[in-house]
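**Q** okay, predicted coordinates and the sequence, questions at the end:
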Amino acid sequence: MKKPVDFKDKNVVIVDDIISTGNTIIEAAKKIKSAKTITAIAVHGLFVEGTAKLKKAGICKVITTNTIENPTGKIDITSMIADKLN
């Protein structure tokens, strides 16, 4: 049996590969409502329903790579991809 984790007053980061509708991230955030802050990080940010519902769910910050152009694309992986192509 797993010991429950106390998220109270913790800064929590949720990592996912793709944020499309945001539902997976929102469901995870519901389980850690006591956290001080919740940040979501993903490789690809599609946001087919926008990011407003993520903020409404208590997620303070959303950060993605720049593989898909959007305002959350703060992690530049251009050089990493270019290096692998050479």
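**A** Thanks, I have the structure now.
**Q** could you use CA atoms for every contact and neighbour count after this?
**A** Noted.
**Q** spatially central residue in this structure, please.
**A** residue 40 (2.2 Å; Cα atoms, centre = their mean).
**Q** bridge partners for that residue, pull those for me.
**A** residue 14, residue 62 (DSSP bridges).
**Q** residue 26: neighbour count?
**A** 19 (other Cα atoms under 10 Å).
**Q** same question but for residue 83, I mixed them up
**A** Neighbour count of residue 83, defined by other Cα under 10 Å: 8.
**Q** equivalent analysis for residue 48, please.
**A** So residue 48, with other Cα under 10 Å, has 10 neighbours.
**Q** thought residue 54 was touching it, still the case?
**A** No - using Cα atoms under 8 Å, residue 48 is not in contact with residue 54; the gap is 12.0 Å.
**Q** can you list contacts of stretch 78-86?
**A** residue 66 (Cα atoms under 8 Å, 6 or more residues apart in numbering).
**Q** revised request: answer the last question for stretch 5-12.
**A** In contact with stretch 5-12 (Cα under 8 Å, 6+ apart) are residues 32-39.
**Q** for the strand or helix carrying residue 29, buried residues please.
**A** Assigned by DSSP states H and E, residue 29 falls within helix 23-30. Going by neighbour count (16 or more other Cα atoms under 10 Å), the buried part of helix 23-30 is 25-26, 29.
**Q** any idea which of those residues is closest to residue 75?
**A** Ranked by distance to residue 75 (Cα to Cα), these are led by residue 25 at 18.8 Å.
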